[in-house]
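1. this one's structure only:
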């Protein structure tokens, strides 16, 4: 899977569109307990996400691979 678009939401989920046209959402809230993801509790930090196509990454250094996303996202 490659990520075509990722749109962060104020409820700490990500709306994701894959390059093959699948659309779904991924809940980041369970990850916020981990040290690397704690800066994302600040909503402004969470909303500042970059799409690396095979991963998403935040300025604080937290990232999620497409493998993690694909394993746990909910397709609409």
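-> Right, received. Where do you want to start? Keep in mind it's a predicted model, so treat the numbers as computed, not measured.

2. excluding sequence neighbours, find me the nearest residue to the residue nearest the centre of the chain.
-> Nearest to the mean C-alpha position of the chain, counting by CA atoms, centre = their mean, stands residue 14 at 5.0 Å. Leaving aside its chain neighbours, residue 14 sits nearest to residue 26 (4.6 Å; criterion: CB to CB, 6 or more residues apart in numbering). All C-beta spots, glycine's among them, are computed from the backbone N, C-alpha and C.

3. identify the residues contacting that neighbour.
-> Residue 26 makes contact with 13-14, 16, 64, 69, 72-74, according to CB atoms under 8 Å, 6 or more residues apart in numbering.

4. check those and tell me the two furthest apart.
-> 64 and 74 (14.8 Å; CB to CB).

5. more crowded one of those two?
-> It is residue 64, of residue 64 and residue 74, that has more neighbours when counted by other CB atoms under 10 Å, with 21 against 10.

6. leaving out sequence neighbours, find the closest residue to the residue lying farthest from the centre of the chain.
-> Going by CA atoms, centre = their mean, the residue of the chain most distant from its centre is residue 20, 17.5 Å out. Nearest non-adjacent residue to residue 20, counting by CB to CB, 6+ apart: residue 1, 7.1 Å away.

7. same deal with residue 47?
-> Using CB to CB, 6+ apart, the nearest residue to residue 47 is residue 8, at 4.9 Å.

8. beta partners for the one you found?
-> residue 14 (DSSP bridges).

9. next, count neighbours for it.
-> Residue 8 has 18 nearby residues by other CB under 10 Å.

10. any idea of the mean pLDDT for the helix or strand where residue 68 lies?
-> If you go by DSSP states H and E, residue 68 is part of helix 66-72. Helix 66-72 shows a mean pLDDT of 96.

11. who does it touch, helix- and strand-wise?
-> strand 23-27 (3 or more CB pairs under 8 Å, 6 or more residues apart in numbering; DSSP states H and E).

12. if we can go back for a sec, for the residue nearest to residue 47, what are its contacts?
-> Residues near residue 8 by CB under 8 Å, 6+ apart: 14-15, 46-47, 49.
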